[in-house]
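**Q** any chance you could fold what I've pasted below:
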Amino acid sequence: MKKIAFAFLSLVCLISLSRCNSSTESKSDSTTDSTSVTSSTDTSNVTANWKLGVQMWTFRMFTFAEALDKVDTCGIKYIEAFWGQPLGAGLKDSFGIRMSDASKTKIKDLMNQKGIKMVAMGVISPKTRDEWKAAFDLAKDFGLSYITAEPLKSQWDMVDSMAGAYGIKIAIHDHPKPNMYWSPDSVLAAIQGHPNIGSCADIGHWARNGINPVDALKKLAGHVYGVHLKDIVKFDDTHAADTVVGKGVIDFPPIFQELKRQHFDGMLSIEHESNWYHNVPDVIEIKKFYEDQVAKLQ
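**A** Below you'll find the predicted structure:
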């Protein structure tokens, strides 16, 4: 009887040990899988998340509907709208907070037909809380990720709070001097303590202001929501003319490399302020330059 009991006890211990080892192996496998996923995420090509868009100001000489046709011709699927562009397509409104519901529906249909998505709008500088609310309501209606803006300093707290409530970021734009946001330092000041405020990095305007765009991006690391992609013919000249991206004075490969290092995942909006009536070929050339440069990133 003692032998039987001993044998039974041994068998129970053996089974328990086997189950324990099996559980340990299962946890080990789970850890391995988790590490593998993390590793894969860390080494993935972050540029796959970038969106190449067009700031509709590029086609400001045309109606919104005509501009959409041009964006489509360029093979681009994302846009940043600007307030005041006449809608066209038989509509009397201009893009902005005073559009009728019928006009909103119509331009949404036009975008859907072409597979074009509006990601942002701007650059805006509302003066009152009511105007800001109307802006956020419009952004929500179109499902925007961020609003490109230059808010008054006295509005920072209010705008940050509203942005948080709506789930739509504010990306501060940098116009040339004497604009209050011409320096990345001033944009950074607005960001401090305001988690819903970041930067719309206008590469061309930084260069006009005599600022190295890579240095500016580094200062704003982690806070860049969008980029305005443009090139200019002369550094440190606030009146320098635009040119096709890649043909001016700005060195773009380090800029793209820095954006990748920061794991930027927003939209780069082509804003070509030149050759206004015949700039579709320019935008197509910029698109090709962008794609070629991004493909070369390590």
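**Q** mind listing the strands for this structure?
**A** Using DSSP state E, the strands found in the chain span residues 51-55, 78-81, 86-88, 91-94, 117-124, 146-149, 169-173, 197-202, 224-229, 231-232, 242-243, 267-270.
**Q** mind checking those strands for the one nearest to Pro184?
**A** strand 197-202 (7.4 Å; C-beta to C-beta). All C-beta atoms are positioned from the backbone trio N, CA, C, and that covers glycine.
**Q** just for the stretch 51-200 of the chain, where's the confidence low?
**A** Scanning the stretch 51-200 of the chain for pLDDT under 70 picks out nothing.
**Q** thought Val280 was touching Cys74?
**A** Yes - the pair Val280 / Cys74 is scored as a contact, 6.2 Å apart, by C-beta atoms under 8 Å.
**Q** which one's more surrounded, the two?
**A** Cys74 (22 against 17; other C-beta atoms under 10 Å).
**Q** who's in contact with the more buried one?
**A** Contact partners of Cys74, counting by C-beta atoms under 8 Å, 6 or more residues apart in numbering, are Val54, Val280, Val283, Ile284, Lys287.
**Q** how about 6 Å then?
**A** Each residue near Cys74 by C-beta atoms under 6 Å, 6 or more residues apart in numbering is listed here: Val283, Ile284.
**Q** what's it sitting at in phi/psi?
**A** Main-chain dihedrals, Cys74, degrees, to the nearest 10: phi -80, psi -10.
**Q** Glu131: how many residues sit nearby?
**A** That count, for Glu131 with other C-beta under 10 Å as the rule, works out to 13.
**Q** re the thing from before, mind putting the strands of the chain into JSON lines with mean neighbour count and distance to Phe256?
**A** Formatted as JSON lines, the strands of the chain follow (neighbours: other C-beta atoms under 10 Å; distance: least, C-beta to C-beta, whole Å):
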{"stretch": "strand 51-55", "mean neighbour count": "24", "distance to Phe256": "12"}
{"stretch": "strand 78-81", "mean neighbour count": "24", "distance to Phe256": "17"}
{"stretch": "strand 86-88", "mean neighbour count": "20", "distance to Phe256": "34"}
{"stretch": "strand 91-94", "mean neighbour count": "16", "distance to Phe256": "34"}
{"stretch": "strand 117-124", "mean neighbour count": "23", "distance to Phe256": "19"}
{"stretch": "strand 146-149", "mean neighbour count": "26", "distance to Phe256": "20"}
{"stretch": "strand 169-173", "mean neighbour count": "28", "distance to Phe256": "19"}
{"stretch": "strand 197-202", "mean neighbour count": "27", "distance to Phe256": "12"}
{"stretch": "strand 224-229", "mean neighbour count": "25", "distance to Phe256": "10"}
{"stretch": "strand 231-232", "mean neighbour count": "23", "distance to Phe256": "13"}
{"stretch": "strand 242-243", "mean neighbour count": "20", "distance to Phe256": "18"}
{"stretch": "strand 267-270", "mean neighbour count": "26", "distance to Phe256": "9"}
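**Q** between the ones you listed, which gets nearest to Ala216?
**A** strand 197-202 (6.9 Å).
**Q** any idea how far the closest residue to Met61 other than its chain neighbours is from Lys247?
**A** With sequence-adjacent residues excluded and distances taken as C-beta to C-beta, 6 or more residues apart in numbering, Met61 is closest to Trp276, at 4.9 Å. Going from Trp276 to Lys247 by C-beta to C-beta, to the nearest Å gives 17 Å.
**Q** what of Ser269?
**A** The value you get for Ser269 to Lys247, if C-beta to C-beta is used, is 19 Å.
**Q** cool, and Ala241?
**A** Where Lys247 is concerned, Ala241 sits at a distance of 12 Å (C-beta to C-beta).
**Q** with Pro281 instead?
**A** Using C-beta to C-beta, Pro281 is found at 13 Å from Lys247.
**Q** what of Lys230?
**A** For Lys230, the distance to Lys247 equals 11 Å [C-beta to C-beta].
**Q** just give me the neighbour total for the residue lying closest to His263 once chain neighbours are set aside.
**A** Among residues not flanking His263 along the chain, Val46 sits closest, at 5.0 Å (C-beta to C-beta, 6+ apart). By the measure other C-beta under 10 Å, the count of residues near Val46 is 17.
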